[in-house]
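**Student:** Fold the following for me, if possible:
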Amino acid sequence: MKKVFLIVLLAVVSAMLFAAAVTEISDAPVQQTQTFVDDLGREVVLPADITRIAPSGSNAQVIVFQIAPEKLVGLASKLSGDELSIYPSYTHDLPAFGTLYGKKANLNRETLILADPQLIIDVGDIKGSAAEMASDLDKVSADVGVPVIFIEANMDNYPSVFRRLGKLLGEEDRAEKLAEYYEDAISVIEASKTDYKPTVYITSSSDGLEAILAGKSHAQCAEKAGAEVVVTSKLAQGNGNISLETLYQLDPEYIFAYSEAGYNTIRTSSDWATLKAVRDGNVFLVPGMPHGFIDNPVCSNRIIGLWYLASVFYPQAGIDIVARTREFYSLYYGADISEQQAMQILHLN
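**Tutor:** Residues are numbered from 1 along each chain as shown. I've put the predicted structure just below:
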């Protein structure tokens, strides 16, 4: 009888323990997910509520910051110098992951994993074929254990990129403001354009002879502003180098230099003095705080670059570039800069 009682008791206890375990499992929160189809055609399963994001590089860093700054768990590179005065203080000590993909890839895998992102966002141009890039990103995702999505972004589709990312990250209202600002800028600039295209030479080197080539993503800001970038791939060597003799023949109306050394060389060297842009005083040092206005990187900071170039090309439009710069920095970076700071950024003093 005692044996039977013990068997029954054990059965009852086992049933109770099983029921408790089932209850505990059923009470555990279920992780909600969503499926996102990226611009490589990949179906990527993501958390429904995304709060921790790692950027794939500087381009992604800028656009994700502009939409959802508090959700970044790290940056592509450590902030320094003038960048610290624009980016808010809570970003200053974020870890640097490096670049996920491409020729400059230097991803710090350990730092990325320690930051525990839910998602890595890659933004920009398709590198190689879509199929090859999709395969590469799948491998990276498997290696670090974090889903990676790619969104193709350039100055032709920024509004849709803002809205799409805003919806994904739960920041629709902010994304809509960014998209509408860009659409308004395009509208004003399109109305300011004339039938004649200003001719432009853009250089990224300290000697002034490394050109930004027409039709490339690095020239898109100038071309979007209505300019003709005069150096084509047929006129330059593989690395973009060009001779002064070729420049004499092209004789651009405007010259923009990224490097202060290149800017000074162009303005003061007798070798450059006969060029129309130099004679007319139309040589400009491109603003670059916190990022380049025309390039470097090819990110959404180029939206203020459009205003900047339009103010140079179309003086009849009456664009107040100082006011526009302050407006842009407030909306896109949350940085309330003074008129004096704006003038310093624009190299106007």
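
**Student:** Secondary structure class of the spatially most central residue of the chain, three-state.
**Tutor:** Geometric centre of the chain, nearest residue: Asn59, 2.6 Å, by C-alpha atoms, centre = their mean. Assigned with DSSP: H, G, I helix; E, B strand; the rest coil, Asn59 falls in the helix class.

**Student:** Residue numbering should commence at 598 henceforth.
**Tutor:** Happy to do that; since the first residue is 598 now, the last one works out to Asn656.

**Student:** just for the protein, where's the confidence low?
**Tutor:** Within the chain, the stretches with pLDDT under 70 are 598-628.

**Student:** switch to 90 and redo it
**Tutor:** Counting by pLDDT under 90, the low-confidence segments of the chain come to 598-628, 678-680, 697-702, 724-725, 791-793, 834-837, 893-894, 946.

**Student:** Okay, strands next: where are they in it?
**Tutor:** 630-634, 640-644, 650-652, 716-721, 745-749, 796-800, 825-826, 851-854, 880-882 (DSSP state E).

**Student:** circling back to that earlier point, return the distance of the residue nearest to the centre of the chain relative to Ser674.
**Tutor:** From Asn656 across to Ser674, the span is 12 Å (C-beta to C-beta, to the nearest Å). Placement of C-beta: from N, CA and C, glycine included.

**Student:** repeat for Leu945
**Tutor:** From Leu945 to Ser674 the distance is 28 Å (C-beta to C-beta).

**Student:** what do you get for Ile660?
**Tutor:** 15 Å.

**Student:** Who has more neighbours out of those two?
**Tutor:** With neighbours defined as other C-beta atoms under 10 Å, Ile660 and Ser674 compare such that Ile660 has more, 24 against 16.

**Student:** List the contacts of the residue nearest to the more buried one when sequence neighbours are not counted.
**Tutor:** On the basis of C-beta to C-beta, 6 or more residues apart in numbering, the spatially nearest residue to Ile660 that is not a chain neighbour turns out to be Ser897, at 5.0 Å. Going by C-beta atoms under 8 Å, 6 or more residues apart in numbering, Ser897 touches Val659, Ile660, Gln663, Ala750, Tyr755, Tyr929.
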